[in-house]
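> give me coordinates for this.
(3 chains)
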Amino acid sequence: MKIRLDNVVKTFDTFRAVRGVSLEVASGELVALLGPSGSGKTTILRMIAGLEYADGGAIYFDAEDATAISVRDRGVGFVFQHYALFPHMTVAENIAFGMKVSKVKRSKTAIATRVSELLQLVQLEGLADRFPTQISGGQRQRVALARALAVDPKVLLLDEPFGALDAAVRRDLRLWLREIQEQLGITTLFVTHDQEEALDLADRVVILNDGVIVQEGSPQDVTRRPNSAFVTRFLGDTNRLFGRVAGGRAEIDGQAIAAPGLADGAAEIYVRPGDLDWSRSGEGMAATVTRVIDRPDSRRVLARLANGDAVELDVSPETDVARGDAGFLHIRRASVFAAPR
Amino acid sequence: MSASPSGKPSRVGDTPLVRRTLITLVLLVGAVLVLAPLIVIFAQAFSLGVGAFAATIAEPDTRHAIMLTVIVALIAVPVNTAFGLAAAWAVTKFDFPGKRLLIVIIEIPFSISPVVAGVAYLFVYGLQGVFGPALADANIQILFALPGIVLASMFVTAPFVARELIPLMQAQGRDLEEAATSLGASGWRTFWSVTLPNIRWALLYGVVLCNARVMGEFGAVSVVSGNIRGQTNTLPLHIELLYHDYQTAGAFAAASILTVLALVTIVAKVLLERQGAGRRSRVSVAAPVLLAEGQRP
Amino acid sequence: MKRRVLPGLPLALGITLLYVGFIVALPLGALIYKAGTLGLEDYWRIVSSERAVASYRVTAGSAAIATAFNLVFGMALAWVLVRYQFPGKRLVDAIVDLPFALPTAVAGIALTTLFAANGWLGSPLASIGIPVAYTPLGIVVAMAFTSLPFIVRTVQPVLEDLDPALEEAGQSLGGSDWTIFRQVMLPLLAPALMAGVSLSFARSLGEFGAIIFIAGNQPMSTEITALLAFIRLEEYDYQAAAAIASVLLITAFVMLAVTNFLQARALRYTQRS
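Next comes the predicted model:
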């Protein structure tokens, strides 16, 4: 099932949550809607589900205009942020609910068979008779997924699917969800505010801010070629340096960085900690180390430039560097944007 | 500050002197104010012996008053319950303009003197009221008859079910209903199999309190019933009548029935509170509902 | 019409508005209309008559004393129930609700019998020169009884949720128990106490059933406003009844506004994020 959003708009009271979003999701694709809170990502997901109605624009499922179809008839599987498992029903009853209320009548044995299939799929055999309060958060999440899948939805929608889980459980479930999605080949959208989660899991990442899409593309696209200061900062740690652009090149402390298509004038140069090299002597920006933080796979160096700006960089664990050392920073790669006026 | 026997440092007010004084004081005053009236009721009810007690209860007017009270409750409580469910569903599952005002209006009967309620009903259905003359022409008797008693009872208890359900359903949010709907369930199906099981204790709690109030209502009913012995006397009105007739033992015998109802209500209340009902609304009349809105993004 | 995701709004709201309109708004509207037909001068003459004013004084004065009593006793009761363990505590906790559950007429005759000059409590009190039944004090007793649970039940949950670290902080800073209670705990309980006070006072103003048995009902001294409205009705003086009832109604609206305001304030402390 292909999904297409055409200039969708949603306003709550006076707050314009979504202001003209157009998006296409190919059949079988796994797409992340990524953005800070209030960016409109959840509202978009809920509009695709039919849990909110768009104030303007249209939503198509394949060629069918689904904009006005109610959530009951839209045939989507929705996994709620806090799962919304029915607390008075067992795991099996939760999963069976959609089949029981369906217009398509199924026999009791057919439902039971399907429930045990799904329990197997989400690896929860043996927990069928537990109540939601009697299982762990990760297990609840999988029940919610099984419940959504039980009605053979055309689209799977997940709202912050890992938001309520511990870091360790989260990583496991992420990989597992990707496997299931590939196995079923179901078109899937999920919402997250965690860039790592989006990049780990999705075929394509749609980054939102203030109710509009600011960039969309593969994880490689958005990480390597962020199109704005917002995207650069949102996707991870970065240093902001100030320089000038002249003739399509940005200059900073004698280092030149390509800035094709940028008008001459003041510029912001964003450099990730891993894209800075440290040397005792040689070229680059003079800096003094103020602190060294040791991490399992790297050393994070906090340094101060001659102009007083603080920068952070990651060096290999073997690098010999200590507080008070003076040296030079070389920019290996950077993103340059015109400075906001 | 002295250490308490457990060896833990003492909390504020934990010194034995303060503690014993307060407990004694509270129990003493409580016994005088609450326990003593309770004992008086049963002592007076049986003051002329069990036989006299049974005779009073068996008296036709008393039996009629009991019947009338039960009939009023059988009509008013279910209607009120349906209203409470409808109001709670409308207020907690949707946003619409005027919602806060509606909640306040639902709460109004809670703060109005029952006598005022009775007087107000007189000015609707009484001969000097808005519809009175028209109803009299059509020969429809509302006041001084069952319909008036039922209406007045519904007025004084209008908020009882709604105010138990609204805070709870507000706190539960809309996720469960949205989930059920997204799985294809109809509105009724969602209500019966998802919403209702999760509010059943609070609903029952509201129904129990509503019933106690309907059966015990005095002021409003006393205005609209006309106190016709053996016809429009509910049990509380019958108690007044017997009491003013100097049939003290009889009055207390009838009162003991309502007292047993009150005690049963309290036991039911405690049991339901153990199921988690009622806790949310203990502080609240209307304010929490007003504040807990706007959980939508 | 905006589309709704969940079904049932028209039905649910329809039932609600019909019920509220028919059961609540219509009679209150009729009462206000009836009082309004009086004309300002007549209205004022009735509501400011000597007997009416005396009834306001009796009602409000007794309600104030009863509420003051319940403020102290209710606070003590809530404290004892939350902070101490003692045998029978759960029974006491449950029985606190008796005044709510017991029909007011039953409470009325029980209190009257108890506090009458020959009653269990009335006779010792009468012998030391404090008659209760058929005096203004009787009204206070009936009001105190019927509104007893309000302050207990508003303070109790707030006291339960009070963070023990607050008093520990007070203790660590060297405060005495009394100082900590007064300066740390009481300010946090104050909004709940105030909300309870306003509920209790409002209930006392409107109480009828429990009072008329014990009050004596003498005009000018032991006649409450609700009873005066009732008497005017029995005298077929409907306009006077409407006017006096409207005074009670307006008072109730004012108290409702005050209560809502105070409860909103109380919640600032009770609602934890």
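> before we move on, what SS does the residue in the stretch 151-300 of chain A positioned nearest to chain B have?
When scored by C-beta to the nearest C-beta, the stretch 151-300 of chain A has residue A:151 as its residue closest to chain B, at 6.0 Å. Where C-beta positions appear, they are placed from N, C-alpha and C, glycine not excepted. Using DSSP: H, G, I helix; E, B strand; the rest coil, the secondary structure recorded for residue A:151 is coil.
> which residues sit in contact with it?
Contacts for residue A:151 were tallied using C-beta atoms under 8 Å, 6 or more residues apart in numbering or on different chains; they are A:75, A:77, A:98, A:99, A:102, B:183, B:184.
> what about these, which are in helices?
A:98, A:99 (DSSP state H).
> ok, now which ones touch the residue of the stretch 101-250 of chain A found nearest chain B?
The stretch 101-250 of chain A approaches chain B most closely through residue A:101 (4.0 Å), counting by C-beta to the nearest C-beta. If you count contacts by C-beta under 8 Å, 6+ apart, residue A:101 has them with B:180, B:183, B:184, B:185, B:186, B:189, B:193.
> the residue in chain C that chain A sits nearest to: neighbouring residues, count only.
Of the residues in chain C, the one nearest chain A is residue C:3, at a distance of 4.6 Å by C-beta to the nearest C-beta. As a burial measure, the neighbour count of residue C:3 was computed by other C-beta atoms under 10 Å in any protein chain shown and equals 10.
> isn't residue B:242 right up against residue B:233?
No: between residue B:242 and residue B:233 no contact is recorded; they are 9.9 Å apart, counting by C-beta atoms under 8 Å.
> spatially nearest residue to residue C:139 (excluding sequence neighbours)?
If you skip the residues right next to it in sequence, residue C:139 has residue C:62 as its closest partner in space, 4.2 Å away by C-beta to C-beta, 6 or more residues apart in numbering or on different chains.
> check the burial of the one you found by counting its neighbours.
Using other C-beta under 10 Å, residue C:62 is surrounded by 26 other residues.
> repeat that for residue A:205.
Residues within reach of residue A:205, counting by other C-beta under 10 Å, total 25.
> how about it, phi and psi?
Summarising the backbone geometry of residue A:205 under the convention degrees, to the nearest 10, its torsions are phi -110, psi 130.
> quick one: contacts for it?
Contact criterion C-beta under 8 Å, 6+ apart gives A:31, A:32, A:34, A:198, A:199, A:216, A:217, A:218, A:219, A:222 as the residues in contact with residue A:205.
> who does it form a beta bridge with?
Note on residue A:205: beta-bridge partners by DSSP bridges are residue A:32, residue A:217.
> quick one: which helix or strand includes the closest residue to residue C:65 other than its chain neighbours?
The shortest distance from residue C:65 to any residue that is not its chain neighbour, by C-beta to C-beta, 6+ apart, is 5.0 Å, and that residue is residue C:140. Per DSSP states H and E, residue C:140 falls inside helix C:136-161.
> pipe the contacts of residue A:205 into a markdown table and attach neighbour count and pLDDT per row.
Shown next, in a markdown table, are the contacts of residue A:205 (neighbours: other C-beta atoms under 10 Å in any protein chain shown; pLDDT from 0 to 100):
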| residue | neighbour count | pLDDT |
| --- | --- | --- |
| A:31 | 22 | 97 |
| A:32 | 27 | 97 |
| A:34 | 29 | 97 |
| A:198 | 24 | 95 |
| A:199 | 19 | 94 |
| A:216 | 19 | 96 |
| A:217 | 16 | 96 |
| A:218 | 13 | 97 |
| A:219 | 18 | 96 |
| A:222 | 26 | 96 |
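> looking at those residues, spot the one nearest residue C:227.
Of all those, residue C:227 sits closest to residue A:34, with 69.4 Å by C-beta to C-beta.
> and the closest one, how far from residue B:48?
From residue A:34 across to residue B:48, the span is 82 Å (C-beta to C-beta, to the nearest Å).
> and if you look at residue C:17?
In this view, residue C:17 and residue B:48 are 52 Å apart by C-beta to C-beta.
> residue C:79: which of the contacts of residue A:151 is nearest?
For residue C:79, the nearest member of these is residue B:183. The distance, counting by C-beta to C-beta, is 49.3 Å.
> quick one: the closest one and residue A:149 touch, right?
No: between residue B:183 and residue A:149 there is no contact, the gap being 10.8 Å when judged by C-beta under 8 Å.
> and what about residue A:164, helix, strand or coil?
Following three-state DSSP, we place residue A:164 in the coil state.
> over to residue A:58?
Secondary structure for residue A:58, judged by three-state DSSP, is strand.
> what's the strand or helix carrying residue B:237 in contact with?
Residue B:237 belongs to helix B:235-244 when assigned by DSSP H and E. Contacts with helix B:235-244, where a contact means C-beta under 8 Å, 6+ apart, come from B:56, B:61-62, B:65-66, B:68-69, B:215-218, B:221-222, B:225, B:227, B:229, B:233, B:248, B:250-251, B:254-255, B:257-258, C:103-106, C:109, C:209, C:213.
> from those, list the buried ones, please.
Neighbour-count burial (16 or more other C-beta atoms under 10 Å in any protein chain shown) is assigned, among the contacts of helix B:235-244, to B:56, B:61-62, B:65-66, B:68-69, B:215-218, B:221-222, B:225, B:227, B:233, B:248, B:250-251, B:254-255, B:257-258, C:103-106, C:109, C:209, C:213.
> would you confirm that residue A:219 contacts residue A:199?
Yes: using C-beta under 8 Å, residue A:219 is in contact with residue A:199, at 4.3 Å.
> please report phi then psi for the residue of the stretch 151-300 of chain A closest to chain B.
Recorded main-chain torsions at residue A:151 are phi -90, psi 20, according to degrees, to the nearest 10.
> swap in residue A:304?
Comment: the main-chain dihedrals of residue A:304 come out as phi -120, psi 130, following degrees, to the nearest 10.
> pLDDT at the residue of the stretch 151-273 of chain C at minimum distance from chain B, what is it?
When C-beta to the nearest C-beta is the measure, the stretch 151-273 of chain C has its nearest residue to chain B at residue C:206, with 3.1 Å between them. Per-residue pLDDT puts residue C:206 at 93.
> which residues touch it?
Contact criterion C-beta under 8 Å, 6+ apart gives B:111, B:112, B:113, B:114, B:115, B:116, C:226, C:248, C:252 as the residues in contact with residue C:206.
> now do residue A:256
Contacts of residue A:256 were listed using C-beta under 8 Å, 6+ apart, and they are A:249, A:250.
> rerun at 7 Å
Applying C-beta atoms under 7 Å, 6 or more residues apart in numbering or on different chains, one finds that residue A:256 lies in contact with residue A:249.
> that's a strand at it, yeah?
Yes: counting by three-state DSSP, residue A:256 is located in a strand.
> so the nearest residue to residue A:190 once chain neighbours are set aside: helix, strand or coil?
Excluding its sequence neighbours, the residue lying closest to residue A:190 (C-beta to C-beta, 6+ apart) is residue A:158, at 3.9 Å. Residue A:158 carries the three-state label strand when classified by three-state DSSP.
> hmm, back to that, residue B:183 and residue A:149: which has the busier surroundings?
Taking residue B:183 and residue A:149 together and counting by other C-beta under 10 Å, residue B:183 has the greater number of neighbours (27 against 22).
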